[in-house]
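A.B. asks: What follows is a predicted structure for the sequence shown.
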Amino acid sequence: DLIVHVRDITHPETTLQKATVLSVLKNLHLPSHLLDSMVEVHNKVDLIERYKPTEENALAISALHGHGLEELKEEIEKKILTGTGKKILTVNINLEGPQLSWLYKEATVQEVEVMPEDGTARVKVIIGSSAFARYKHLFPN
C-alpha cells in the first residue's frame, strides 16, 4: 500500500543512492500511485546541525533519538488511509447490543473506552466506507 524510502542523509552519496533506488523502483513497473505517494524519510538528522530537508515533502528523523518519528507515523497513517479508502472514526455504542462484536468482525478496533455508568462505550475504529454504510444501516441509532 505504501513505499517508505529511508535515506541516511549523512552518507556522502545520498543523492546518488536516491536516484538508484528510484530507478530500481521504476524498473519494477510498480503502479504509478505507489511511486507518487512514496514517503521520503531523511534519517540521522541528529548528526547534522539544524538540518532542514531541501526536498519537498521529505520528513527529517533521528531513529536513534526518536526525533520526527511521531510525524512519520502520522504521515504513514494518513497515506495508508487515503490509499485504502478507509477512515478512523469514533462511534458510541450500547454495550448490550451486538455493535461491538460487529465492529470487531468488520473493522479494525483500535480503542474501547467503556462508560460503565450508562452501559455504553466509545469505540475508535479503522473502517472502510462500505462497511461503515452497512454499520449505519444495521445500527441506525
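C.D. replies: It's in.

A.B. asks: where exactly do the helices run in this protein?
C.D. replies: 14-27, 32-36, 69-84, 99-106, 129-138 (DSSP state H).

A.B. asks: Please identify the buried residues of the third one?
C.D. replies: Neighbour-count burial for helix 69-84 flags 72, 75, 76, 79 (criterion: 16 or more other C-beta atoms under 10 Å). In this view, the C-beta of every residue, glycine as well, is placed from N, C-alpha and C.

A.B. asks: Using a markdown table, please lay out these together with distance to residue 52 and pLDDT.
C.D. replies: Below are the buried residues of helix 69-84 laid out as a markdown table (distance: C-beta to C-beta, whole Å; pLDDT from 0 to 100):
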| residue | distance to residue 52 | pLDDT |
| --- | --- | --- |
| 72 | 16 | 98 |
| 75 | 17 | 96 |
| 76 | 21 | 95 |
| 79 | 22 | 93 |
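
A.B. asks: just to revisit the earlier point, out of the helices of the chain, nearest to residue 90?
C.D. replies: helix 99-106 (11.2 Å; C-beta to C-beta).

A.B. asks: Could you export that closest one as CSV, CA atoms only?
C.D. replies: C-alpha atoms of helix 99-106 as CSV (Å, rounded to 0.1, in the frame of the first residue of the first chain):
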residue,chain,number,x,y,z
GLN,A,99,-22.4,-3.4,17.7
LEU,A,100,-19.1,-4.1,19.4
SER,A,101,-19.0,-7.7,18.2
TRP,A,102,-19.9,-6.5,14.7
LEU,A,103,-17.1,-3.9,14.7
TYR,A,104,-14.5,-6.4,15.8
LYS,A,105,-15.6,-8.6,12.8
GLU,A,106,-15.9,-5.9,10.1
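
A.B. asks: What average pLDDT does it get?
C.D. replies: Average pLDDT, helix 99-106: 97.

A.B. asks: in that helix, what's buried?
C.D. replies: For helix 99-106, a neighbour-count test (16+ other C-beta under 10 Å) marks 99, 100, 102, 103, 106 as buried.

A.B. asks: got the contact list for that helix?
C.D. replies: Helix 99-106 has contacts (C-beta atoms under 8 Å, 6 or more residues apart in numbering) with 91, 93, 109, 112, 121, 123, 125, 127, 131, 134-135, 138-139.
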